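Engineer: Structure, please.
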Amino acid sequence: MKNELLLEIKKLSVGFSDGSNINIAINEISFELNKNETLAIVGESGSGKSVTAFSLMQLLPKPTGKIISGEIIYHKENKIVDLAILSEKKIRQYRGKDIAMIFQEPMTSLNPVKTCGNQLTESILIHHKISKREAKKKALFLFEKVRLPYPEKIYKSYPFELSGGQKQRIIIAMAISCNPAILIADEPTTALDVTIQKNILSLLKELQQEYGMGMLFITHDLGIVAEIADRVAVIYKGKIVEQNDVSSVFNNPQHPYTKGLLACRTQLNTNEVKLPVISDFFKTEADGSLIEIDKKRLSSVSTNEAKLNNIIDYSTPIMEVDKLSTFFTLKRNIFGKKTQQFKAVDQVSFKVYPGETLGLVGESGCGKTTLGRSILQLIKPESGEILYQSKNITQLSKNDLRKLRKDVQIIFQDPYSSLNPRITIGNAIIEPMIVHKIYPNQTLCKKNAISLLERVGLDETHFNRYPHEFSGGQRQRICIARALAVEPKFIICDESVSALDVSIQAQVLNLLNELKQDFGFTYIFISHDLSVVKYMSDRIIVMQNGQIVEIGTANEIFSNPKTDYTRKLIDAIPKVKINIH
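Structural biologist: Next up, the predicted model:
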């Protein structure tokens, strides 16, 4: 059967003006998309993936972003339209109706002060000449279509009342409300755990087959590409460097950048002590060309052998959590008495030993993050004990709690919201040193802050810059440096690499392991990415509905899971075979 062409991108170039110069974001890229086909566009943050998507719908920020040259040819039945030259008024006839988009972050894509039902009916009414009653009926039908539970209740709910997976399904319902010919999915599963991710990917494939859509799937996760795509285009610094069917790219990658991307992905069966990074596979010449590094391989020592050299004292725990419960109040009566509570953490007990990395995994809402924040007393537990170095920290005074936080630090998921945008990163690192009186004067504080920046792969020139001047990976390194500033013994990493693309993720994971070896840290490593948790952890705790359902060594959990829930989590991990020559 002959492919039915939907979209042709011909030598498209897009740039952003800074007032005096135009910086090229994508440079003469070309590709095609057919009906019923999924084309994945992959690459690191800043490579031009999202700019490509926004260009197709003319959603580039005005007036700085603009299409410099090239064509965006949309084939609509017997009609051919160049979307690149349409006016704002005319592109609206195609935007949302013929070409729809699912954005990366559903929370920021939805209006927080409007119910989910009203937002969907609004979207339907824009493109359909029907009554509000008919629009509501169609909205409820679409909520059922995307497998949302209790559509009537969801219709009346606000975005903050729903989980991340439910919000993403609402965005999908909006996207398919006009039966678009082309669906653009821009990192739609990045922040979702493996089981919800699997459900969303399955839903997208079903909807694609039902409506015959061509899908442009933008991601940095090659595991997802293997699950959902027919063809893949690899983009690097605004140029497509490789384009082929998925099997060819995964089994016989041609470009060194593609080889680097594939190798950076953490896999369940990895034997590497140190994860490969992009720079292991090529170097950039002065003219910008890439030169492949011949067969540069990293250490062949297995992860398990390396962990044998990581001495853990299992005789005395550094931390002991005993029957810890943390509840959230849902309702109070008129007298302020709690009448309904949600058990986020329910009777949880475990031990952490000096020098250990204890992994904590589970689906969104299982209680992982609440447990981590309860340990730090950022959330007050309902009951139970937390013994740190044999002292019950749930009973500490404010002054003693401040002293504890010198020893026990946290690295949060979102490095941008973790940093004050009005404070330079140098001062952000110095601030905790001053609070905890680590050094006697400002000069020594600055000297050690610069030393920490260098330790995490930055340098002195970055000291006076602000958070917005850094990439996501660099900001996470700054957060790590800030956590190290008070010379802690125990660090909780709360989804600290989940928002990073695979190459940056590998760099940060390597850095965390190096710091652990150098400073003797103990980690609790919280993540929904099981392959990352297995790579990092000595032991793993699996949580479900606020309780621990399984605990064991990393190898025990993955080779012989004892519960159906753990097996479900492992089965949901995208399976991809990497073949790097």
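
Engineer: List the contacts of Gln474.
Structural biologist: Gln474 makes contact with Leu458, His462, according to CB atoms under 8 Å, 6 or more residues apart in numbering. Yep, even glycine has a C-beta here, placed from its N, CA and C like the rest.

Engineer: In which helix or strand does it reside?
Structural biologist: If you go by DSSP states H and E, Gln474 is part of helix 472-484.

Engineer: before we move on, what about Lys129?
Structural biologist: Counting by DSSP H and E, Lys129 is held by no secondary-structure element, helix or strand.

Engineer: Could you list the low-confidence segments of the protein?
Structural biologist: Filtered on pLDDT under 70, the chain yields the residue ranges 1-2, 106-107, 191, 268-272, 286-289, 294-311, 330, 499, 575-581.

Engineer: Most distant residue from the centre of it?
Structural biologist: Checked against the mean C-alpha position of the chain, the extreme residue using CA atoms, centre = their mean is Phe335, at a distance of 42.2 Å.

Engineer: Which elements pack onto the helix or strand following the helix holding Gln474?
Structural biologist: Scanning forward in sequence from helix 472-484, with DSSP H and E defining helices and strands, the next element found is strand 490-494. Other elements packing on strand 490-494 under the criterion 3 or more CB pairs under 8 Å, 6 or more residues apart in numbering; DSSP states H and E are helix 368-375, strand 408-411, strand 522-526.

Engineer: would you list these in CSV and tack on distance to Thr52?
Structural biologist: Output for these, formatted as CSV (distance: least, CB to CB, whole Å):
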stretch, distance to Thr52
helix 368-375, 33
strand 408-411, 32
strand 522-526, 33
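
Engineer: of all those, which lies closest to Leu192?
Structural biologist: Closest to Leu192 of the helices and strands packed on strand 490-494, according to CB to CB: helix 368-375, at 14.0 Å.

Engineer: Identify the residues contacting that closest one?
Structural biologist: With contact meaning CB under 8 Å, 6+ apart, helix 368-375 is reached by 319, 321, 324, 326, 344-345, 348, 360-362, 379-381, 386, 408, 410, 492, 494-495, 524, 526, 528, 543, 546.

Engineer: Only whichever of those residues are buried, select them in PyMOL.
Structural biologist: The following PyMOL selection, which keeps only the buried ones among the contacts of helix 368-375, applies the criterion 16 or more other CB atoms under 10 Å:
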select buried, resi 319+321+324+326+344+345+348+360+361+362+379+381+386+408+410+492+494+495+524+526+528+543+546
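
Engineer: Which of the contacts of helix 368-375 fall within helices?
Structural biologist: Among the contacts of helix 368-375, no residue falls in helices (DSSP state H).

Engineer: Could I get the full set of strands for the stretch 301-450 of the chain?
Structural biologist: Listed in chain order, the strands of the stretch 301-450 of the chain (DSSP state E, counting those that start in this stretch) span 319-332, 338-352, 357-361, 383-388, 391-392, 408-411.

Engineer: which of those strands sits most buried?
Structural biologist: Ranked by average neighbour count under the criterion mean count of other CB atoms under 10 Å, the strands of the stretch 301-450 of the chain are headed by strand 357-361 at a mean of 26.

Engineer: just how off-centre is that one within its chain?
Structural biologist: Taking CA atoms, centre = their mean, to the nearest Å, one finds the center of strand 357-361 at 18 Å from the center of the full chain.

Engineer: Stretch 480-496 now?
Structural biologist: Distance of stretch 480-496 from its chain centroid, counting by CA atoms, centre = their mean, is 20 Å.

Engineer: Residues touching the strand or helix carrying Ile72, excluding its own?
Structural biologist: Under DSSP H and E, the secondary-structure element containing Ile72 is strand 65-76. Under the contact criterion CB under 8 Å, 6+ apart, strand 65-76 has outside partners 5-17, 22, 24-25, 28-29, 51, 54-56, 58, 60, 80-84, 94, 98-99, 181-182.

Engineer: Tell me which entries of the residues you listed lie within strands.
Structural biologist: For the contacts of strand 65-76, membership in strands holds for 5-17, 22, 24-25, 28-29, 80-82, 99, 182, with DSSP state E as the criterion.

Engineer: Give the burial count for His468, as a bare number.
Structural biologist: The burial count assigned to His468 is 9, neighbours taken as other CB atoms under 10 Å.

Engineer: Isn't it up against Leu419?
Structural biologist: No: if you go by CB atoms under 8 Å, His468 and Leu419 don't touch, sitting 9.3 Å apart.

Engineer: For the residue nearest to Asp18 when sequence neighbours are not counted, which residues are in contact?
Structural biologist: If you skip the residues right next to it in sequence, Asp18 has Thr64 as its closest partner in space, 7.5 Å away by CB to CB, 6 or more residues apart in numbering. Taking CB under 8 Å, 6+ apart, we find Thr64 in contact with Phe16, Ser17, Asp18.

Engineer: Now for the second one: which residues touch it?
Structural biologist: Under the criterion of CB under 8 Å, 6+ apart, the contact list for Ser17 reads Asn23, Pro63, Thr64, Gly65, Lys66.

Engineer: Which members of these are classed as buried?
Structural biologist: Burial of the contacts of Ser17 was assessed by neighbour count (16+ other CB under 10 Å); the buried members are Gly65, Lys66.
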